[in-house]
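S.K.: Test case, fold it:
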Amino acid sequence: MRWPRLLVHGSAGVLALVSLGVILWTGLEERGVALAFGVLITVGELARWTGARVREAAPLGSAGALAYALLGADAGRPTTHGVLQVVAVVLAAALLGSVPHIARGQGPMVDHLSRRLLSTAFCAVCFQPLYNRGVLDDWGGPAYALVLIALLTLTALCDAVLAAALAHSRTRWPFAPLLRHELRALLGIGSAVCATGAVMALAVAVVGLWALPVFSLPLLLTQLAFRRYAAVRTTYRQTIASLARATEIAGYTPAGHARRVAELSKAVGRDLGLTGPDLTVLEYAALMHDIGQLSLIDPVPAGATAGLPTEEQRRIALLGGAVVRQTGVDGSVAVVVERQADPYRQQPVAARIVRAVNAYEEKARDAGPGGPLTALEELRLATAGDYAPEVVEALARVLARDSLTLPSVG
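M.R.: Predicted coordinates for the structure are as follows:
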C-alpha cells in the first residue's frame, strides 16, 4: 500500500512549488529575518546525523523551522511574513544544507523533507494568520507561551502521524504500533526540538536575532549526547552479535542462523505490534537463542533443536539463559532465552516468537524450493500445543510480504 506515501510526497511537492512560485513573484518580507533563520536551518541540516537511523536526524534544523513558523515579532517589531514564505525559506535552507550529504550519497531522504515541509506548514498555518490579524495581541506573558506550546504539541502529533504513515507505506508494518513508537519518540529528542523552537521564537520576539545562536547551543549539545548514546548502543549490539556467532564458529549451528532468526523475529514482532525496548529484547534474545548449545558435549546435528525431546530443549534453554546472565546482558533477554521450551501459553511474547521463527528456519533450511511452504504448514499443524497460532500467522504475513506464495488454509 503506497498511496499514503504518494499522498504525502505529492502534497509536499505541490506546497513547495506554490510557495517558491509566490515568493519569487512577490519577493521576501523582512529579508534579514528570513536570512537569519535560513542560515540556522542550513547549519542544522549540515550537522545532520548520518549514522544510525533515528527519528529526528537534524534537530537544530527542525527547531529553527518551527521557531520561524511561530515567529511573531523581532525585538518587539511585528513581522509580516506569512505561511508561504515560511515554507519557501525552510525548503531552500534544507536543500542547501543537504548538498554535502547528497554529494556523499547520504540524502536527503524525500520522506524527511516532505515531513519537514508539511509539519512546518501546519504550524505556520495555525499561528501566522492569527498573529497577522492581531488575534494574539491581547495574549501576553504566560498565555502567549501556552499558545505556542499548544501549537507545537499539535504540530508534533501531526509529524508523528506523517512519520507513521510513511513508515507504514514503506514497510507495510501495522500503522498503530508505528504510531505508538513515534509518539514515544516525542518524549526524547522530539520534546527538546519543540521546546527549543518555542524558546527561540519567544526570545527573538524580545531580544532579536541574537537569540538564535545562544539557544542553538543546548540543542547541539543534546544532539551530541544522543550520538554518543547511539554509538554505545551500536557497540553493545555488535558485542551481542559477536557472542551469538560463537556457536557458529564452534560448529554447533550453521553460519548465519542466529542473524536470520533475529531478522525474521524482528519482522514478526513488528507485525504483532512490538516496538521500542520490546523489539530490542526480542532481537537480542533471537541472536543468543542457541548459545546454550556451547555447554553440550555432543553437538546437536546441524544445531536443529526444534526436533529434540522437550526436556532436552528445556535443558539447553536453561543453559543458554545462564550463559546470557553471565555476559551482563539485560536480564529480560535471559528470561526469553531460558523459556523457549516452555508451553507457549506460559511464554512471554518474545519467547513465543523466537521459538516459532527458530523452528521455521530449521525446517525450511536446505529443503529446496518448497521448503518454506512445507515448514510453515508444519508449524500451523503444531499450533495446538507447540507454537502460538497468532505468531505463526504473523510469520505467514511477513513471509507473504516478502513475495512468498503461501498455501491456503482451510
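S.K.: which residue sits closest to Leu319 in space, ignoring its chain neighbours?
M.R.: Leaving aside its sequence neighbours, Leu319 sits nearest to Gly292 (CB to CB, 6 or more residues apart in numbering; 3.7 Å). Just so you know, the C-beta spots here come from the backbone N, C-alpha and C atoms, and that holds for glycine as well.
S.K.: ok, how many other residues are close to Gln128?
M.R.: 22 (other CB atoms under 10 Å).
S.K.: Quick check: Leu40 touching Phe215?
M.R.: No - in this structure Leu40 lies outside contact range of Phe215 using CB atoms under 8 Å: 9.9 Å.
S.K.: who has more neighbours, the two?
M.R.: Taking other CB under 10 Å, Leu40 and Phe215 do not tie; Leu40 has more neighbours (25 against 20).
S.K.: list the contacts for the nearest residue to the more buried one once chain neighbours are set aside?
M.R.: Leaving aside its sequence neighbours, Leu40 sits nearest to Gly64 (CB to CB, 6+ apart; 4.0 Å). For Gly64, the contacting residues are 37, 40-41, 44, 93, 197, 200, 212, 216, by CB atoms under 8 Å, 6 or more residues apart in numbering.
S.K.: Would you convert those into CSV that also reports distance to Ile353, secondary structure and pLDDT?
M.R.: CSV is the format used below for the contacts of Gly64 (distance: CB to CB, whole Å; DSSP: H, G, I helix; E, B strand; the rest coil; pLDDT from 0 to 100):
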residue, distance to Ile353, secondary structure, pLDDT
Phe37, 47, helix, 93
Leu40, 45, helix, 91
Ile41, 42, helix, 92
Gly44, 39, helix, 87
Ala93, 44, helix, 92
Gly197, 39, helix, 89
Met200, 44, helix, 91
Leu212, 48, helix, 89
Ser216, 43, helix, 86
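S.K.: Could you export those residues as CSV, including distance to Leu186?
M.R.: Shown next, in CSV, are the contacts of Gly64 (distance: CB to CB, whole Å):
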residue, distance to Leu186
Phe37, 23
Leu40, 22
Ile41, 21
Gly44, 18
Ala93, 24
Gly197, 13
Met200, 18
Leu212, 24
Ser216, 21
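S.K.: Closest one to Thr79 out of these, please.
M.R.: Phe37 (10.8 Å; CB to CB).
S.K.: Run through the protein and note the low-pLDDT ranges.
M.R.: Low-confidence segments of the chain, defined by pLDDT under 70, span residues 1, 50-56, 106-108, 303, 366-370, 402-410.
S.K.: distance of the nearest residue to Leu71 once chain neighbours are set aside from Ala65?
M.R.: Spatial nearest neighbour of Leu71, excluding adjacent residues (CB to CB, 6+ apart): Ala201 at 5.2 Å. Counting by CB to CB, to the nearest Å, the separation of Ala201 from Ala65 is 11 Å.
S.K.: what comes up buried for stretch 312-329?
M.R.: For stretch 312-329, the neighbour count (16 or more other CB atoms under 10 Å) marks 313-321, 323-325, 329 as buried.
S.K.: Now go through those and say which are in helices.
M.R.: 313-321, 323-325 (DSSP state H).
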